[in-house]
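1. need a 3D model of the sequence below.
(2 chains)
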Protein chains: 2
Amino acid sequence: MDYTFLKACRGEETDYTPIWIMRQAGRYLPEYHTVRDKVTFLELCKTPELAAEVSIQPVDIIGVDAAIMFSDILVPIEKMGAHLEFREKQGPVFPSPIRDQAAVDRLGIPDPEDDLGYVMDTIRILRRELEGKAPLIGFSGAPFTLATYLIEGGSSRTFLNTKMMMYNDPGLYKSLMDKITDCTTTYLKGQIAAGVQALQIFDSWVGILAPCDFAEFALPYVNRIITELKKVSDIPIIYFANNGATLIEQSLTSGADVLGIDWRINLSDVVKRVDGRAAIQGNMEPLALFLPPDKLEKRIANVLEEAKGARGHIFNLGHGIVQQTDPEKAKLAVELVHKLSRRA
Amino acid sequence: MDYTFLKACRGEETDYTPIWIMRQAGRYLPEYHTVRDKVTFLELCKTPELAAEVSIQPVDIIGVDAAIMFSDILVPIEKMGAHLEFREKQGPVFPSPIRDQAAVDRLGIPDPEDDLGYVMDTIRILRRELEGKAPLIGFSGAPFTLATYLIEGGSSRTFLNTKMMMYNDPGLYKSLMDKITDCTTTYLKGQIAAGVQALQIFDSWVGILAPCDFAEFALPYVNRIITELKKVSDIPIIYFANNGATLIEQSLTSGADVLGIDWRINLSDVVKRVDGRAAIQGNMEPLALFLPPDKLEKRIANVLEEAKGARGHIFNLGHGIVQQTDPEKAKLAVELVHKLSRRA
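-> As a prediction, the model looks like this:
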């Protein structure tokens, strides 16, 4: 079965524009809470039956064209040997930040089946249950984004420690990035072997880099991952450089089949700059789901119109759906994308 | 006396590229702490002698080509009648966010001399003490950025309440923005009357808007302020849309003489897009001040090279200098900008 989402990723003609939504398996859905309330966030990530259940919810309830496995970008990082806690309100915390060579040297490369079997099992359950319904997207964080969590010890506003390491101790920074890159490559190869049909690499924080720093300190590691993956599989790879409007031309050299685009740029501008060298995914402002239905329809029509001329367009929000969103509005958005994009 | 900074703002030829640094009067300077330790942050803003003292410090110590008055963008907002607290680590907090018409209606328009006389006095002291040394920049926040603080009740990551108001209650949003715009216009006219020689309008948070929302919900209010100011004065006006790489063409229509540019974009790209319609200010990555001296010199040379062809370039960081910066490095940066840009 050839799914519309996968065809769009490959730049093939489709009958309508496929849509999925970043964080679609998440807190805006009451059905998600029913599952999540019984376990901690990390337990949910590590329990294949439950992770699979919440991954399928948006396909059934909202009607999206692809499922993405429920997990977190930090799940493999924890298995490198960095103790991780998810604290209420504060988010992820690494109580022992990685800031010297000894700490980098202590990090290991987890084996996908031995150390991250719960993720691989989640993928296998999902492939079975989604058969004929929707394709399955696997994912990881990009090395730069993952490194910021390890170096800062959690989320950050200024990324001071990360940039200080980049600028003052580039050798240390490189050794950490090399290790994270190896971990990520191995992890994504494991996901491919387990059965994912597309991959998204999330570079959530890369937008805080100047273009010259992106070229030196982030992009080469993404390139290396994609090069390695392309040797073993031809499934579509999506690279999402959040807040990356000025990084698009460089991102094209990553080898990704699809560029994920945040909401800060007009897609018509992206279509021009990408010039058929990749498919594009995005990019409606997530909060547009709070617009009244008539204005939401207009907004969706605009995004579809701006994407014309793209070599493949996958509709998505420009960032994760926020938890206060009404699920009915998300459902309406999916219907509108399908209706408005369908060829007459 | 015609200052190099003012000439560059007007797009005139200069012997060297002038530089000032956002947040140059601030916590990276030990001399600032000596003053700040005696009073609270708001007391410092409201004590003209002390505010003037810290404003002059970077001119004397670092050697920048312009002074900016020490204050905070929320100082006039407090005088609209919104109780403001600066809490340690949390930053500015408005305990009663503005989210309904009654709250908007209660906001007043402060009179520059009667209600904000300490700012006007700071300006008068500074003009006297800076005479022949450096020009004085006044400033305000832009209406959108100021509105986010009032609507969110402080800083925010998602700006959920602001966008919900924009999308669901555009009439309420507009009435708040109209009032903030009137307040800001009056406040900046007061600064001009008191003697500032240039103005910067800080739109710190506008980069979280999609281009179509910027056009509808932020830019018209900036335009209105600049149109009003241009009726009474021809001092240069700088508009700094932080994280605004995709908003440059629109920002040109604001009427600003200078566009402030953050560090996420190559200036060569900006020069092309601005095409002589404004001077440009920026945009070195603030953390580049942590680079070793040889690499710092290279970075500065790159920014200067990229700015070639601009109708006026004022060197600055792409965002505020961070408090962990070594003042000696800031001083070195000023010397390097002057040396490397000086015509042979």
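2. dead centre of chain A: give me the residue that sits there.
-> With distances taken as CA atoms, centre = their mean, A:Phe202 lies nearest the centre of chain A, 4.0 Å away.
3. which of the helices or strands spans that residue?
-> Counting by DSSP states H and E, the element that carries A:Phe202 is strand A:198-203.
4. give me the buried positions along that strand.
-> Across strand A:198-203, burial judged by 16 or more other CB atoms under 10 Å in any protein chain shown covers A:Ala198, A:Leu199, A:Gln200, A:Ile201, A:Phe202, A:Asp203. Placement of C-beta: from N, CA and C, glycine included.
5. make CSV from those residues and add distance to chain B to it.
-> Below are those laid out as CSV (distance: CB to the nearest CB, whole Å):
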residue, distance to chain B
A:Ala198, 26
A:Leu199, 26
A:Gln200, 21
A:Ile201, 20
A:Phe202, 17
A:Asp203, 14
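6. can you put the residues you listed in a markdown table and add pLDDT and distance to B:Leu332?
-> Below are the buried residues of strand A:198-203 laid out as a markdown table (pLDDT from 0 to 100; distance: CB to CB, whole Å):
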| residue | pLDDT | distance to B:Leu332 |
| --- | --- | --- |
| A:Ala198 | 98 | 49 |
| A:Leu199 | 98 | 45 |
| A:Gln200 | 98 | 43 |
| A:Ile201 | 98 | 38 |
| A:Phe202 | 98 | 37 |
| A:Asp203 | 98 | 32 |
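7. farthest pair within those residues?
-> A:Ala198 and A:Asp203 (16.6 Å; CB to CB).
8. so for the nearest residue to A:Asn168 once chain neighbours are set aside, what's the pLDDT?
-> Spatial nearest neighbour of A:Asn168, chain neighbours left out: B:Phe290 (6.1 Å); criterion: CB to CB, 6 or more residues apart in numbering or on different chains. Predicted confidence (pLDDT) for B:Phe290: 97.
9. tell me, how many residues neighbour B:Phe290?
-> 21 (other CB atoms under 10 Å in any protein chain shown).
10. surely it is in contact with B:Leu332?
-> No. At 12.0 Å, B:Phe290 does not count as touching B:Leu332 under the criterion of CB atoms under 8 Å.
11. and stretch A:114-131, what's buried?
-> A:Asp115, A:Leu116, A:Val119, A:Met120, A:Asp121, A:Thr122, A:Ile123, A:Ile125, A:Leu126, A:Arg127, A:Glu129, A:Leu130.
12. alpha carbons of it, as PDB, please.
-> Below are the C-alpha coordinates for stretch A:114-131, written out as PDB (Å, rounded to 0.1, in the frame of the first residue of the first chain):
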ATOM      1  CA  ASP A 114      19.400  -4.400  24.100                       C
ATOM      2  CA  ASP A 115      19.100  -0.900  25.600                       C
ATOM      3  CA  LEU A 116      16.200   0.700  23.800                       C
ATOM      4  CA  GLY A 117      14.100  -2.400  23.200                       C
ATOM      5  CA  TYR A 118      11.000  -0.700  24.400                       C
ATOM      6  CA  VAL A 119      11.200   1.800  21.500                       C
ATOM      7  CA  MET A 120      11.800  -1.000  19.000                       C
ATOM      8  CA  ASP A 121       8.800  -3.000  20.500                       C
ATOM      9  CA  THR A 122       6.600   0.100  20.300                       C
ATOM     10  CA  ILE A 123       7.500   0.400  16.600                       C
ATOM     11  CA  ARG A 124       6.700  -3.300  16.000                       C
ATOM     12  CA  ILE A 125       3.300  -3.100  17.700                       C
ATOM     13  CA  LEU A 126       2.500   0.100  15.800                       C
ATOM     14  CA  ARG A 127       3.400  -1.400  12.400                       C
ATOM     15  CA  ARG A 128       1.100  -4.300  13.100                       C
ATOM     16  CA  GLU A 129      -1.800  -2.100  14.300                       C
ATOM     17  CA  LEU A 130      -1.400   0.600  11.700                       C
ATOM     18  CA  GLU A 131      -1.200  -1.800   8.700                       C
END
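13. contacts for that stretch?
-> Residues outside stretch A:114-131 that contact it (CB atoms under 8 Å, 6 or more residues apart in numbering or on different chains): A:45-49, A:51-52, A:55-56, A:59, A:67, A:69-71, A:75-76, A:79, A:110, A:112-113, A:136, A:138, A:187, A:190-191, A:193-196.
14. for A:Ala333, see how far away A:Leu6 is.
-> Per CB to CB, to the nearest Å, A:Leu6 is found 21 Å from A:Ala333.
15. of the two, who's got more company?
-> Comparing A:Leu6 with A:Ala333 by other CB under 10 Å, the one with more neighbours is A:Ala333, at 28 against 21.
16. confirm that one sits in a helix?
-> Yes. Assessed with DSSP: H, G, I helix; E, B strand; the rest coil, A:Ala333 lies in a helix.
17. ok, back up a step: save the buried residues of stretch A:114-131 as a markdown table, and put in pLDDT too.
-> As requested, these are exported to a markdown table (pLDDT from 0 to 100):
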| residue | pLDDT |
| --- | --- |
| A:Asp115 | 98 |
| A:Leu116 | 98 |
| A:Val119 | 98 |
| A:Met120 | 98 |
| A:Asp121 | 98 |
| A:Thr122 | 98 |
| A:Ile123 | 98 |
| A:Ile125 | 98 |
| A:Leu126 | 98 |
| A:Arg127 | 98 |
| A:Glu129 | 98 |
| A:Leu130 | 98 |
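18. excluding its backbone neighbours, what's nearest A:Met80?
-> Spatial nearest neighbour of A:Met80, chain neighbours left out: A:Leu107 (4.4 Å); criterion: CB to CB, 6+ apart.
19. what pLDDT does that neighbour get?
-> So, for A:Leu107, pLDDT stands at 97.
20. next one: A:Lys89
-> We have a pLDDT of 78 for A:Lys89.
21. go on, A:Ser156?
-> Per-residue confidence (pLDDT) for A:Ser156: 89.
22. output the set of residues of chain A in proximity to chain B.
-> Residues of chain A lying near chain B by CB under 8 Å from any CB of the partner chain: A:158-160, A:163-164, A:167-168, A:207-213, A:243, A:245-246, A:263-266, A:269, A:285, A:287-288, A:290-292, A:295, A:302, A:318, A:322, A:324.
23. same thing but at 6 Å, please
-> Residues of chain A lying close to chain B (CB under 6 Å from any CB of the partner chain) are A:163-164, A:167, A:210-211, A:245-246, A:263-266, A:285, A:287, A:290-291.
24. the helices in the stretch 201-344 of chain A, which residues?
-> Under the criterion DSSP state H, counting those that start in this stretch, helices of the stretch 201-344 of chain A are mapped to A:211-217, A:219-232, A:248-252, A:267-274, A:293-306, A:327-341.
25. ok, and the closest non-adjacent residue to A:Gly63?
-> Distance criterion CB to CB, 6+ apart; nearest residue to A:Gly63, sequence neighbours excluded, is A:Val334 at 4.6 Å.
26. now do A:Lys38
-> Counting by CB to CB, 6+ apart, A:Lys38 lies nearest to A:Leu50, which is 8.0 Å off, once chain neighbours are set aside.
27. circling back: which ones among the contacts of stretch A:114-131 lie within strands?
-> Using DSSP state E, the subset of the contacts of stretch A:114-131 located in strands is A:Ala67, A:Leu136, A:Gly138.
28. which of the residues you listed lies closest to A:Phe86?
-> Using CB to CB, A:Gly138 is the member of those that lies nearest A:Phe86, at 21.0 Å.
29. return the residues in contact with the closest one.
-> Contacts for A:Gly138 (CB atoms under 6 Å, 6 or more residues apart in numbering or on different chains) come out as A:Met69, A:Gln191, A:Val196, A:Leu199.
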